[in-house]
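Enquirer: okay, here's the prediction I keep looking at, along with the sequence it came from:
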Amino acid sequence: MERSRSYWGINQSVSYGTDNIKLLDVAPGFVDTGCTWLLFATEAFKVYEAKTGGIYDKATKLLTITETQYENLQSLNFEIGGVTYELTRNAQIWPRKLNTLLEGGQEGKFYLIVMDLGTPTGSWVGLRQWI
């Protein structure tokens, strides 16, 4: 557990879009300023995947969306300590100019940065692979 001292622990609620579809309701999380990906508990990831229409890309292990889906992508809203922080659609994608730096990445694709942590909400099992 020595490594956990390098991160901020938070309680957060996460919702998607203008309808505020709850992905996580007061769930523990941590902030790692050196990580590019947003790692969601499996059930939250599945809702996000369904709402965005993302398709899993085996080569990159990321969800991909079409340009039309990107145009319709809605914000992710993180409520932490009573304050809501918005992650706009552009902030939810990998920078397209850097696609070829991803292992298996292809020019012109839209890759979402939200990934499945592989554990249920509230579980820290499996988290060690990321920290």
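Expert: Great, that's in hand.
Enquirer: need the pLDDT of Tyr85.
Expert: Tyr85 carries a pLDDT value of 92.
Enquirer: all numbers from here: first residue = 52
Expert: That works, and once the first residue is 52, the last one we named lands at Tyr136.
Enquirer: burial of it, as a residue count?
Expert: If you count neighbours by other C-beta atoms under 10 Å, Tyr136 ends up with 11. (Glycine included, C-beta is placed from N, CA and C.)
Enquirer: next SSE downstream of the helix or strand bottoming out on mean pLDDT in the chain?
Expert: Lowest by mean pLDDT, DSSP states H and E among the helices and strands of the chain is strand 72-82, with a mean of 77. Sequence-wise, the next helix or strand downstream of strand 72-82 (DSSP states H and E) is strand 89-91.
Enquirer: what helices and strands are in contact with that following strand?
Expert: strand 165-167 (3 or more C-beta pairs under 8 Å, 6 or more residues apart in numbering; DSSP states H and E).
Enquirer: in its sheet, what does the strand it packs on sit against?
Expert: Sheet pairing for strand 165-167, assigned by DSSP bridges, gives strand 89-91 (parallel).
Enquirer: report the buried residues of the strand it pairs with.
Expert: Residues of strand 89-91 classed as buried: Leu89, Leu90, Phe91 (neighbour count, 16 or more other C-beta atoms under 10 Å).
Enquirer: please state the offset of that strand from the chain centre?
Expert: 4 Å (C-alpha atoms, centre = their mean, to the nearest Å).
Enquirer: that one: what's the following helix or strand?
Expert: Sequence-wise, the next helix or strand downstream of strand 89-91 (DSSP H and E) is helix 93-103.
Enquirer: Asp167 reaches Phe96, doesn't it?
Expert: Yes: the pair Asp167 / Phe96 is scored as a contact, 4.1 Å apart, by C-beta atoms under 8 Å.
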